[in-house]
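Enquirer: Pasting a predicted model and its sequence here:
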2 protein chains.
Amino acid sequence: MKLIGYFRSSAAYRVRIALNLKGVAVEHASRHLRRGEQKSPDYAALNPQKLVPALVLDSGEVLTQSLAILEYLEETYPQPPLLPREPVERARVRALALIPTADIHPIQNLRVMGYLREKFGQTEESAFSWSRHWIETGFDAYEATIANDPRTGAFSHGDAPTMADLCLIPQVFNAARFKVDMKNYPTIQRIYETCMQLPAFDAAQPAKQPDAEA
Amino acid sequence: MKLIGYFRSSAAYRVRIALNLKGVAVEHASRHLRRGEQKSPDYAALNPQKLVPALVLDSGEVLTQSLAILEYLEETYPQPPLLPREPVERARVRALALIPTADIHPIQNLRVMGYLREKFGQTEESAFSWSRHWIETGFDAYEATIANDPRTGAFSHGDAPTMADLCLIPQVFNAARFKVDMKNYPTIQRIYETCMQLPAFDAAQPAKQPDAEA
């Protein structure tokens, strides 16, 4: 299998953690998002959505959308599980995973920030505030959801990493770039520190990828 | 069970279709998003994310995030299935479902449009163009993904509705409000027309909800 990603892409980072946790070795390739390489005709032929990540299977099938890829990996490499067993608990983990995936990251990713600057004439500073606002709104929701729920453990759900953590941690990395004050999110911060002690999370972080830049 | 939604919420509409297809009767309640009723303390106590929909189970458990609710319904009411059986095919359906869910709707929902007007001083017209831009970008991706794939049938995947259609159709309704020209999306338009012939999709449409307004 080959994962086509980008070192700083939160969505690619989610998949890298899953592959590491499940011990699945893949070839890595990169599309430079700031240079728009994901829009090139050869990549569009592979993934018409022109986004990363894409997971190219040995059969040639191309899987897209990070959460769909996580669910695929869970179904095909079930150990260790990234979802609990009971439907209600699975729903909790998936709902948490969707906070960064649907309610934060899409609103403040590169292409949206580009529109704000180019079409709305926003400054770097106001685009920065925009991004921070949506991260904080989403982290408010995440923190409020997990802070007083007895199902929260060392990780977002219980004492082993789940899809929720795989989606949360890349967003915490992103939040640091936008100077979000993590003191307001003590439970998220605690889980982040726990996750980063695990090699699967650490090795997948942006700065440790072959295509990383300062 | 009780579904707390809002007639015009795309996310609530997705869940209404699933409940109809699976023949699950629930009580319906509404939070008026334009009046900000989803931010009231009693609702925040129920769903700290302050978004709709929320599905309140008979046990009192509250499920949030439409896609997580769809997966829960699929696991607990498996007939008729809204996902195919094979992992690669399931990944295709989930990836399609995520295009409206993660890549379109979050960027152009009420709260984001509000920020554009209030903080960036954008006019109704420029906020309108913004919304249309992201719908078109997402529909370009969706159309390109399904147009020439032999797995596309009467519906987005094969000849029965899947989660992909449940997420697509509410976005088509939303697109009409933003004057998106559906001639550019012939496959999406064809699937939309097919879906709307099914009572499960039709009865769930915004205008047919008890809380509907002109």
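Expert: Structure's in. What do you need? Computed from a predicted model, the values in this text were never measured in an experiment.

Enquirer: Where is the longest helix in chain A?
Expert: Looking across chain A with DSSP state H, the single longest helix is helix A:124-147.

Enquirer: Against chain B - does stretch A:53-62 have any residue that ends up touching it?
Expert: Yes - for stretch A:53-62 and chain B, the contact criterion (C-beta under 8 Å from any C-beta of the partner chain) is met by A:57, A:59, A:61. In this view, the C-beta of every residue, glycine as well, is placed from N, C-alpha and C.

Enquirer: what's the span of that stretch, first residue to last?
Expert: Stretch A:53-62 has an end-to-end distance of 10 Å (C-alpha to C-alpha, to the nearest Å).

Enquirer: Tell me how far that stretch lies from the chain's centre.
Expert: In terms of C-alpha atoms, centre = their mean, to the nearest Å, the centre of stretch A:53-62 is set 19 Å apart from its chain centre.

Enquirer: Would you mind listing the buried residues in that stretch?
Expert: Neighbour counts over stretch A:53-62 (16 or more other C-beta atoms under 10 Å in any protein chain shown) mark A:53-57, A:62 as buried.

Enquirer: For those, which two are the farthest from each other?
Expert: Spatially, the most separated pair among the buried residues of stretch A:53-62 is A:Pro53 and A:Leu57, at 13.0 Å (C-beta to C-beta).

Enquirer: from the chain's centre, how far out does the one helix or strand A:Leu166 maps to sit?
Expert: In this structure, A:Leu166 is located in helix A:163-177 according to DSSP states H and E. Its chain's average C-alpha position is 6 Å from that of helix A:163-177, according to C-alpha atoms, centre = their mean.

Enquirer: how about that helix, does it reach chain B?
Expert: No - Helix A:163-177 lies out of reach of chain B by C-beta under 8 Å from any C-beta, never closer than 10.3 Å.

Enquirer: tell me the angle of that helix relative to helix A:124-147?
Expert: Put simply, helix A:163-177 runs at 150 degrees to helix A:124-147, going by axes from the mean of the first three to the mean of the last three C-alpha atoms, to 10 degrees.

Enquirer: Check which helices and strands helix A:163-177 sits against.
Expert: Helices and strands touching helix A:163-177, by 3 or more C-beta pairs under 8 Å, 6 or more residues apart in numbering or on different chains; DSSP states H and E, are helix A:10-22, helix A:66-76, helix A:87-98, helix A:124-147, helix A:186-196.

Enquirer: What's the mean pLDDT across it?
Expert: The average of the pLDDT scores along helix A:163-177 is 98.

Enquirer: the inter-axis angle of that helix versus helix A:10-22?
Expert: Using the same axes, to 10 degrees: helix A:163-177 against helix A:10-22 is 130 degrees.

Enquirer: can you tell me how far the residue sitting furthest away from the middle of chain A sits from chain B?
Expert: No residue in chain A sits farther from the centre than A:Gly121, which is 28.3 Å out by C-alpha atoms, centre = their mean. Using C-beta to the nearest C-beta, to the nearest Å, we find A:Gly121 at a distance of 9 Å from chain B.

Enquirer: now that residue, what's its secondary structure?
Expert: coil (DSSP: H, G, I helix; E, B strand; the rest coil).

Enquirer: rewinding a little: closest one to B:Val15 among the helices and strands packed on helix A:163-177?
Expert: The closest of those to B:Val15 is helix A:87-98. By C-beta to C-beta, the value is 12.0 Å.

Enquirer: If we go by neighbour counts, what in the closest one is buried?
Expert: A:87-98.

Enquirer: Just the C-alphas of that helix, formatted as PDB.
Expert: Taking Å, rounded to 0.1, in the frame of the first residue of the first chain, the C-alpha atoms of helix A:87-98 are listed here in PDB:
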ATOM      1  CA  PRO A  87     -22.700   0.600  19.400                       C
ATOM      2  CA  VAL A  88     -23.300   3.400  21.900                       C
ATOM      3  CA  GLU A  89     -19.600   3.600  22.700                       C
ATOM      4  CA  ARG A  90     -18.600   3.400  19.100                       C
ATOM      5  CA  ALA A  91     -21.000   6.300  18.400                       C
ATOM      6  CA  ARG A  92     -19.300   8.300  21.200                       C
ATOM      7  CA  VAL A  93     -15.800   7.700  19.700                       C
ATOM      8  CA  ARG A  94     -17.000   8.500  16.200                       C
ATOM      9  CA  ALA A  95     -18.800  11.700  17.400                       C
ATOM     10  CA  LEU A  96     -15.600  12.800  19.100                       C
ATOM     11  CA  ALA A  97     -13.500  12.000  16.000                       C
ATOM     12  CA  LEU A  98     -15.900  14.100  13.900                       C
END
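
Enquirer: care to break chain A down by domain?
Expert: A:2-80, A:87-201 (automatic domain parsing).

Enquirer: need the helices and strands packed on helix A:163-177 in TSV with mean pLDDT, can you?
Expert: TSV is the format used below for the helices and strands packed on helix A:163-177 (pLDDT from 0 to 100):
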stretch	mean pLDDT
helix A:10-22	98
helix A:66-76	98
helix A:87-98	98
helix A:124-147	96
helix A:186-196	98
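
Enquirer: between those, which gets nearest to A:Asp211?
Expert: helix A:10-22 (10.1 Å).

Enquirer: So which residues make contact with the helix or strand just after that closest one?
Expert: Next along the chain after helix A:10-22, taking DSSP H and E as the criterion, comes strand A:27-30. Strand A:27-30 has contacts (C-beta atoms under 8 Å, 6 or more residues apart in numbering or on different chains) with A:1-7, A:209-211.

Enquirer: can we see that at 6 Å?
Expert: Residues outside strand A:27-30 that contact it (C-beta atoms under 6 Å, 6 or more residues apart in numbering or on different chains): A:2-4, A:6, A:211.
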